[in-house]
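Engineer: Sequence first, then the predicted structure:
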Amino acid sequence: MTVPDRVLRRCTGLLLGLALLFLSSATQAQKVLDPYQIKRTVLSSDGRYMAFDFHRLGADERSRTRYSVAVYDMETESIALHIAPPPREFHSANFSPDDRFLAVIQRCWAKECSPQELGLNVGVIDRANRRFQLVTKAGEVVYDRRFPKRLGGARKVRGFPTFDPASGRIYFGYRHEAAVARPSGKWRMPQILNFYGTSANHLGYVEFEDGKQVERKLDLQDKIDGRSSFAYLTATTKGIYAHMGTPNEDPFLSHGLWGGIIDPLKGSYSPLFPDPPYFNGSRLSQSNYRTDSLRASHDGRSFVFREHTTDAAGNYDRTHLRFALYVGRDGKIVDQFRPPRGYGPGEVAISGDGRKAIMTVFNDSRIFWSVDLETRAITEKPLRVPLEAAIARTRR
């Protein structure tokens with residue numbers, strides 16, 4: 001074999017290898033890029049309905065559609081949509097104890113928004129007539145001298161609303177963030193502060209007195225308020241379940257990454273697990289496992305969370321086989337469900353009566369699973385087909 005032949009053979013092999021690598025990357029990208037992003041799933045009291053927010057992904061983040069809220073009927077496998085009038089968005093829905101209403105976050109950062117609704121505020125949707133009403137207002141504006149008054153300022157942004165089954169209050173997390181002005185005159189929030197996936201560092205609530213809605217701050221202990229971050233709030237008769245971050249590894253919140261329960265009357269916090277939890281005789285490592293999608297039943301006895309794994313460097317591990325739905329009862333882990341087919345759950349939730357749970361699929365909106373916690377039966381349900389059918393109905 002001559003030298004040019006060997007060179008040609010090596011070049012051909014290299015090109016073939018690059019072609020296979022490109023095809024593999026393209027196939028992998030197709031697996032990763034799903035047309036819909038499904039987030040913040042919750043179940044109704046009896047587990048018949050699942051609410052979630054979604055948007056359709058475009059070629060990049062800037063071309064995505066607005067967030068909307070969808071309610072899935074497990075019996076009919078159909079979906080009802082709740083779409084905010086542009087430029088507003090709805091997300092972070094939660095059922096009332098009687099399932100008649102949805103508490104949602106309305107997001108509006110555009111010049112078309114009124115001063116009262118600018119930012120992220122809590123509202124209530126009546127599921128029967130689809131009427132929406134804000135129950136909080138923007139308020140507490142501190143303007144930045146660098147911008148005209150309509151183009152900058154710090155406002156209270158809210159998230160994770162949840163109905164209290166005992167008092168009727170709507171609890172929510174909030175923080176104060178600065179809006180940034182664009183040359184076009186539109187508002188936007190820095191991506192890291194947009195509150196879609198970030199957490200709050202204070203808790204507030206809305207209650208109704210003499211037919212009027214009143215917003216108040218929940219008084220928490222100094223070691224909690226402002227120093228910790230809250231997400232996935234669920235108000236129960238035992239207290240408010242919250243996924244909680246622990247800044248600077250504060251020993252007061254030593255097991256905070258597992259989540260905990262906030263007593264709204266005392267303003268105190270107790271870890272979800274007083275000691276590092278065990279399941280089937282094995283201890284779960286707090287450094288590598290954290291609770292995601294922490295949800296609880298109305299009585300606070302049952303709860304679910306998604307296993308959240310990290311590698312040795314603390315990076316998020318997307319390996320599907322290392323995800324699971326854990327079920328807890330009275331402060332202990334009592335069961336575990338892993339999705340069929342090796343998929344990883346994107347979100348998990350539990351019904352108000354503690355009998356049903358769901359697992360959506362990480363980065364795949366085609367299906368989800370309904371879980372009967374009493375019989376341990378797992379049922380696959382279609383998601384994308386009824387979702388696209390519901391979207392098509394809104395365009396007629």
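Structural biologist: Okay, I see it. Values in this document were obtained by computation on a predicted structure and should not be read as measured data.

Engineer: drop to CA atoms for contacts and neighbour counts, all remaining ones
Structural biologist: Noted.

Engineer: Okay, now the unreliable bits of the stretch 101-250 of the chain?
Structural biologist: The stretch 101-250 of the chain contains residues with pLDDT under 70 at 139-155, 176-199, 223, 226-227, 245-250.

Engineer: Let's see that with 50 instead.
Structural biologist: Within the stretch 101-250 of the chain, the segments meeting pLDDT under 50 span 141-152, 181-197, 247-250.

Engineer: could you pull out the strands for it?
Structural biologist: According to DSSP state E, counting those that start in this stretch, the stretch 101-250 of the chain carries its strands in the segments 101-108, 119-126, 132-134, 153-163, 170-181, 187-188, 202-209, 212-217, 229-236, 239-245.

Engineer: what would those look like in JSON lines with distance to Gly354 and mean neighbour count?
Structural biologist: What follows is the strands of the stretch 101-250 of the chain, written out as JSON lines (distance: least, C-alpha to C-alpha, whole Å; neighbours: other C-alpha atoms under 10 Å):
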{"stretch": "strand 101-108", "distance to Gly354": "19", "mean neighbour count": "26"}
{"stretch": "strand 119-126", "distance to Gly354": "24", "mean neighbour count": "24"}
{"stretch": "strand 132-134", "distance to Gly354": "28", "mean neighbour count": "16"}
{"stretch": "strand 153-163", "distance to Gly354": "16", "mean neighbour count": "25"}
{"stretch": "strand 170-181", "distance to Gly354": "21", "mean neighbour count": "22"}
{"stretch": "strand 187-188", "distance to Gly354": "39", "mean neighbour count": "20"}
{"stretch": "strand 202-209", "distance to Gly354": "24", "mean neighbour count": "18"}
{"stretch": "strand 212-217", "distance to Gly354": "29", "mean neighbour count": "13"}
{"stretch": "strand 229-236", "distance to Gly354": "12", "mean neighbour count": "26"}
{"stretch": "strand 239-245", "distance to Gly354": "14", "mean neighbour count": "26"}
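
Engineer: Dump those strands to JSON lines, plus distance to Arg295.
Structural biologist: Formatted as JSON lines, those follow (distance: least, C-alpha to C-alpha, whole Å):
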{"stretch": "strand 101-108", "distance to Arg295": "16"}
{"stretch": "strand 119-126", "distance to Arg295": "19"}
{"stretch": "strand 132-134", "distance to Arg295": "24"}
{"stretch": "strand 153-163", "distance to Arg295": "11"}
{"stretch": "strand 170-181", "distance to Arg295": "14"}
{"stretch": "strand 187-188", "distance to Arg295": "30"}
{"stretch": "strand 202-209", "distance to Arg295": "17"}
{"stretch": "strand 212-217", "distance to Arg295": "23"}
{"stretch": "strand 229-236", "distance to Arg295": "6"}
{"stretch": "strand 239-245", "distance to Arg295": "7"}
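
Engineer: And for Leu218, nearest residue in space, chain neighbours not counted?
Structural biologist: Nearest residue to Leu218, sequence neighbours excluded (C-alpha to C-alpha, 6 or more residues apart in numbering): Gly204, at 4.9 Å.

Engineer: now swap in Phe362 and tell me
Structural biologist: Gly346 (3.9 Å).

Engineer: and the one you found, how far is that from Ser68?
Structural biologist: Relative to Ser68, Gly346 is positioned 18 Å away (C-alpha to C-alpha, to the nearest Å).

Engineer: cool, His82 as well?
Structural biologist: Using C-alpha to C-alpha, we find His82 at a distance of 6 Å from Ser68.

Engineer: list residues touching both of those two?
Structural biologist: Phe90 (C-alpha atoms under 8 Å, 6 or more residues apart in numbering).

Engineer: Make sure Glu374 is actually in contact with Arg355.
Structural biologist: Yes - in this structure Glu374 lies within contact range of Arg355 using C-alpha atoms under 8 Å: 6.4 Å.

Engineer: who has more neighbours, these two?
Structural biologist: Shown here are Glu374 and Arg355; by other C-alpha atoms under 10 Å, Arg355 has more neighbours (17 against 9).

Engineer: which one is that one nearest to, not counting chain neighbours?
Structural biologist: Of all residues not flanking Arg355 in the chain, Leu373 sits nearest, at 5.4 Å (C-alpha to C-alpha, 6+ apart).

Engineer: Report pLDDT for the one you found.
Structural biologist: At Leu373, the predicted lDDT confidence score is 96.

Engineer: next one: the one 4 residues further on
Structural biologist: Ala377 carries a pLDDT score of 94 in this model.
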